[in-house]
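Chemist: any chance you can model this:
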Amino acid sequence: MYNQSMEREIDLKQISDGKLYSANDMIKAGCGDCAGCSLCCHEMGNSIILDPCDIFNLEKGLHTTFEKLMESRIELNVVDGIIQPNLKMQGSRECCAFLNEEGRCAVHEFRPGFCRMFPLGRIYEDGDFRYFLQIHECPYPNKTKVKLKKWLGIPELGKYEAYVKKWHYFLKDVQEIIREKGTDRDESGEVIKKLNMYLLNQFYVKPYETVPDKGKELDFYGQFYERLGQAETIVKMYR
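Modeler: Below you'll find the predicted structure:
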């Protein structure tokens, strides 16, 4: 079982209430809009990993590009063998680069999926995933119950969750290839680098269409699945 995009074994009994949730379930996570608290926006290291949908939303919401985001807002790190972007922490308090002077999120309307989900996590198993509630992550007292899909606040949640599964299991396939290539020292370094550079450009660096054409609805998922189809063909060549 795996949480988010990082592969790790977890013990639900130690970190959660022991339950698994779906979008229509009620969860005890309501925090009164955080009431000015921003503890979860500090000292997160490189753990707030961004997926292609996050990058699309940031580019669209900020009218910017991946290259501009890289200047001060995000950075690249290797996650289970794959180069992926994450939110950058900065300053003496190690706070998120999008946290404003009032301690509020400057991109709250189009914040990343990881931030929307907190303090929830995801468990992936058998080609699907469920949510779990991390009980030690948020110190806010007297939390109230709220419907999970309302907590996430993601339009077309069904499409989003289908995308999340596709992306997660695609990365799992790539990780397996990287592990296999890593056993052959003669070719591993160059091959893994080439594959990583392709995926980074295909899903992150290459600009997304963030302004709809006349009479045409803007659609991230259509763009993603087109890129995914191309990437799956390329990735097969590395097997």
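
Chemist: which stretches in the chain count as strands?
Modeler: For the chain, the strands defined by DSSP state E cover 26-30, 74-79, 82-87, 89-90, 95-96, 120-125, 128-133, 144-147.

Chemist: buried residues in the last one, which are they?
Modeler: Along strand 144-147, not one residue counts as buried under the neighbour rule (16 or more other CB atoms under 10 Å). C-beta: built from backbone N, CA, C; applies to glycine.

Chemist: the bottom helix or strand of the chain by mean pLDDT?
Modeler: helix 12-15 (a mean of 80; mean pLDDT, DSSP states H and E).

Chemist: and that helix, how far from the chain's centre?
Modeler: Remark: helix 12-15 is offset 22 Å from the chain centroid, using CA atoms, centre = their mean, to the nearest Å.

Chemist: please shift the residue numbers so they start at 11 in all later answers.
Modeler: Done: numbering now begins at 11, and the last item shifts to helix 22-25.

Chemist: not counting it itself, show me its contacts.
Modeler: Here helix 22-25 makes contact (CB atoms under 8 Å, 6 or more residues apart in numbering) with 28, 131, 133, 142, 144-146.

Chemist: most neighbours, which of those residues?
Modeler: Phe142 (23 neighbours; other CB atoms under 10 Å).

Chemist: distance check, it against Val89.
Modeler: To Val89, Phe142 is 20 Å away according to CB to CB, to the nearest Å.

Chemist: who touches the longest helix anywhere in the chain?
Modeler: Assignment by DSSP state H gives helix 167-191 as the longest helix of the chain. For helix 167-191, contacts defined as CB under 8 Å, 6+ apart pick out 12, 15, 17, 33, 61-63, 90-92, 123, 132, 134, 137-139, 159, 164, 197-198, 201-202, 205, 209, 231, 234-235, 238, 241-242, 245, 248-249.
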